[in-house]
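Trainee: fold the following for me, if possible:
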Amino acid sequence: MAFDAIFLSAVINELSDTIVGMRIDKIQQPEKNKLIFSLRGMGQSVKLLISARSGSGRLHLTQLPYENPQSPPMFCMLMRKHVQGAKIADISQPEMERIASLELDTFDEMGEKCKKSLIIELLGRNSNIILTDGDGIIIDALRRVDEDMSRSRRILPGLKYQLPPKQEKLNPTCTSENERRSLFLQASDSLRVDKWILDTFFGLSPLICRELAARALGSTDSRIADMTQQETVKFLDTLTSFIAETSAKYFYPYMLMDGKTPYDFAYTHISQYGNRMLLTKADTFSELLDSYYSDRDKEDRLRQRAGAMIKSITVQRDRTSRKLELQKEELKAAGNRDRYRELGDIITANLHLMKKGQRRLVAANFYSDAVEEIEIELDPLKTPQQNAAKYYKSYTKAKTAEKYLKLQIEKGETDLYYLNSTLETIGKAETDRDIAEIRQELGAMGVLKGKKSGKKEKTVSSSPMRFRSSSGMEILVGKNNTQNDRLTFKTAYKNDMWLHTQKIHGSHVIIRTSGEVPDDKSIEEAAIIAALYSQGKDGQKIPVDYTLVKNVKRPPNAKPGMTVYINYNTIYVNPDSEIADELRI
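Mentor: Presented below is the predicted three-dimensional model:
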């Protein structure tokens, strides 16, 4: 659902009990449109997330880790200069607006006490984070808005901050029962009930409008024209009850689950989906939003960061695949090379019967058991000897081609395997550092062209995923080819256990044994994780090979992540994300 005004009110109501009175200890900007404030005070520390990203603008406490960029963005530096160390005096919301304001007590450059405001506008694609002084003058904003971008409202340093223009709708909490009844009776009969609510009142998301219709009428698509007088009374009573609950701040954090996937969230009970969705309740709104956006944000961010890289790899993979098919067809044709030699021999054996200008030769095929006659096409411009030489040359050419085609096909299949494995590793990336490491690897392998710059690029190195088995053994999982190599050939000891899905792309998995023999349960759990982080993650009974690290070798001149191994056993497991989540540390 949209992060509407009432939902924001619920979040602010929850936040005010926690963050008011706390100080902003640290500020980071892990993404272009996202700030993280580390807050301290009253014997506790929390992290406040502020996102002005279109489609996922929000404000809440978070417990998720966020990785800092190598260099802090300019807006982050500005925030550190003006508000780091400030005390949060209040958090408020203009009436039924999707705007939150943090009132800050801080000090100016002369060390004098002053007030500043951090205004968070959660307005879809126009979301913004704006810093003002005590008089409401804009110090700066995450997104500056000039005359070319908006004629009605500019957001630039030095200008007075103004609220967005009012919508031509009504505040539902400021209307009486009689007013709502009058408005409803004047509505067009062609309108659906939920559409009338959405068009008449601001601060309500489409989800809530549909829910109100469903509560009163049993359907989300009921039309005003089809309503009886009794249904009209029931609907208006339902609307009145909802407004009363909202005014009394009866808010509850609900999550709608589509199977195991978060589908939507709300501040009130949602019944419109019936049994199609599972409704769960979180302890806090911050926990609800953290859970809803954690995977979604990561996937969207990495999709954006890795989009160009995925496209480039996919183009090269498809080109390599097409080239392989053509080479295999050529190899198949080259396999008939002996036929050219045989034709050359037959022509040579019949030179005394031939003359220049002849277009075909009919002679006995002594390579056939039946020695039947065969007709051979000739070039009339060539002598009989030259025609024989032509067939011998085709034989030699096909023989040479077969040799080189086999080498090229072997190289092409290795390249194709590597490109497919790289696409698989991009899907396992969890941070920007993971993406940077993959990009660095692809640049070194010549798959991607590096940016031309006078500066030497810094070497990027990310950490593997870490798990702990039920019996306490540490399990490490590589997230890309470079990390797989480092994990297997540098991090792991020779008596650690190594696991990999059989004959399909996947992560290298290491069980740190500390010299002990791993128990069967640890091997099974590590195998489940290996299957989950492979191309077989959506399958069943995935074969996973396991052996000691000392039995794993990297072939000479092999591409990153490629290995050979001996003395292994195989276990068949089903990938299970719930088990992996429980074991992850």
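Trainee: show me how this protein divides into domains.
Mentor: Here the domain parsing of the chain from automatic domain parsing is 5-141, 172-286, 307-462, 465-583.
Trainee: tabulate the ones you listed (a markdown table), appending mean pLDDT, distance to Pro164 and mean neighbour count.
Mentor: No exception for glycine: its C-beta is placed from N, CA and C like everyone else's. Below are the domains of the chain laid out as a markdown table (pLDDT from 0 to 100; distance: least, Cβ to Cβ, whole Å; neighbours: other Cβ atoms under 10 Å):
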| stretch | mean pLDDT | distance to Pro164 | mean neighbour count |
| --- | --- | --- | --- |
| domain 5-141 | 93 | 7 | 18 |
| domain 172-286 | 93 | 11 | 16 |
| domain 307-462 | 85 | 32 | 15 |
| domain 465-583 | 94 | 41 | 18 |
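Trainee: in CSV: these, plus distance to Arg296.
Mentor: What follows is the domains of the chain, written out as CSV (distance: least, Cβ to Cβ, whole Å):
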stretch, distance to Arg296
domain 5-141, 7
domain 172-286, 8
domain 307-462, 14
domain 465-583, 16
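Trainee: and the strands in the stretch 251-400 of the chain?
Mentor: 254-258, 261-266, 278-281, 360-364, 373-377 (DSSP state E, counting those that start in this stretch).
Trainee: for Gln535, which of the ones you listed is the nearest?
Mentor: Gln535 sits nearest to strand 261-266 of all these, at 20.9 Å, using Cβ to Cβ.
Trainee: if we can go back for a sec, and of the domains of the chain, who's closest to Lys160?
Mentor: domain 5-141 (5.7 Å).
Trainee: any chance of the strands of the stretch 251-400 of the chain in a markdown table, plus distance to Val564?
Mentor: Shown next, in a markdown table, are the strands of the stretch 251-400 of the chain (distance: least, Cβ to Cβ, whole Å):
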| stretch | distance to Val564 |
| --- | --- |
| strand 254-258 | 43 |
| strand 261-266 | 39 |
| strand 278-281 | 46 |
| strand 360-364 | 52 |
| strand 373-377 | 48 |
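Trainee: and the strands in the stretch 1-150 of the chain?
Mentor: Going by DSSP E, counting those that start in this stretch, the stretch 1-150 of the chain shows strands at 23-31, 34-41, 44-51, 58-62, 87-92, 99-107, 113-121, 128-133, 138-141.
Trainee: TSV please, covering these and showing distance to Leu419.
Mentor: Shown next, in TSV, are the strands of the stretch 1-150 of the chain (distance: least, Cβ to Cβ, whole Å):
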stretch	distance to Leu419
strand 23-31	28
strand 34-41	32
strand 44-51	34
strand 58-62	36
strand 87-92	50
strand 99-107	46
strand 113-121	43
strand 128-133	40
strand 138-141	43
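Trainee: between those strands, which one is closest to Ala492.
Mentor: When the strands of the stretch 1-150 of the chain are compared by Cβ to Cβ, strand 23-31 sits nearest Ala492, at 30.8 Å.
Trainee: roughly how far is the helix or strand hosting Asp237 from the heart of the chain?
Mentor: Using DSSP states H and E, Asp237 sits within helix 229-247. Chain-centre distance of helix 229-247: 42 Å, with Cα atoms, centre = their mean, to the nearest Å.
Trainee: show me what it is packed against.
Mentor: Helix 229-247 sits against helix 177-185, helix 206-217, with contacts defined as 3 or more Cβ pairs under 8 Å, 6 or more residues apart in numbering; DSSP states H and E.
Trainee: mind checking how far the longest one is from the chain centre?
Mentor: Think helix 206-217. Taking the mean of its C-alpha atoms, helix 206-217 sits 32 Å from the chain's own mean (Cα atoms, centre = their mean).
Trainee: what's next to it, contact-wise?
Mentor: Applying Cβ atoms under 8 Å, 6 or more residues apart in numbering, the contact partners of helix 206-217 are 1-2, 4, 6, 192-195, 197-198, 219-222, 227, 231, 234-235, 237-239, 242, 264, 266, 268, 270-272.
Trainee: residues contacting Tyr565?
Mentor: By Cβ under 8 Å, 6+ apart, the neighbours of Tyr565 are 498, 500, 545, 547, 551-553.
Trainee: isn't Leu378 up against Lys356?
Mentor: No. Using Cβ atoms under 8 Å, Leu378 is not in contact with Lys356; the gap is 9.7 Å.
Trainee: who touches stretch 383-400?
Mentor: 333-334, 336-338, 340-341, 343-344, 347-348, 350-351, 354-356, 358, 378-379, 382.
Trainee: if we go to 10 Å?
Mentor: Contact partners of stretch 383-400, identified using Cβ atoms under 10 Å, 6 or more residues apart in numbering, comprise 330-331, 333-358, 361, 376-382, 405.
Trainee: could you export the helices and strands packed on helix 229-247 as TSV, including distance to Met42?
Mentor: As requested, the helices and strands packed on helix 229-247 are exported to TSV (distance: least, Cβ to Cβ, whole Å):
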stretch	distance to Met42
helix 177-185	42
helix 206-217	34
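Trainee: what about the helices in the stretch 351-500 of the chain?
Mentor: For the stretch 351-500 of the chain, the helices defined by DSSP state H, counting those that start in this stretch occupy 384-428, 432-444, 481-486.
Trainee: save the ones you listed as JSON lines, and put in distance to Lys115 too.
Mentor: Shown next, in JSON lines, are the helices of the stretch 351-500 of the chain (distance: least, Cβ to Cβ, whole Å):
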{"stretch": "helix 384-428", "distance to Lys115": "46"}
{"stretch": "helix 432-444", "distance to Lys115": "35"}
{"stretch": "helix 481-486", "distance to Lys115": "48"}
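Trainee: nearest to Ala531, of those?
Mentor: helix 384-428 (12.9 Å).
Trainee: so for Ala444, which of the strands of the stretch 251-400 of the chain sits nearest?
Mentor: Minimum separation from Ala444 across these (Cβ to Cβ) falls at strand 261-266, 36.7 Å.
Trainee: export the closest one to CSV, keeping only CA atoms.
Mentor: Output of strand 261-266 as CSV, limited to C-alpha atoms (Å, rounded to 0.1, in the frame of the first residue of the first chain):
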residue,chain,number,x,y,z
THR,A,261,6.3,-13.3,0.5
PRO,A,262,5.2,-10.0,2.1
TYR,A,263,2.5,-8.6,-0.1
ASP,A,264,1.2,-5.4,1.6
PHE,A,265,1.0,-3.7,5.0
ALA,A,266,-1.6,-1.7,6.9
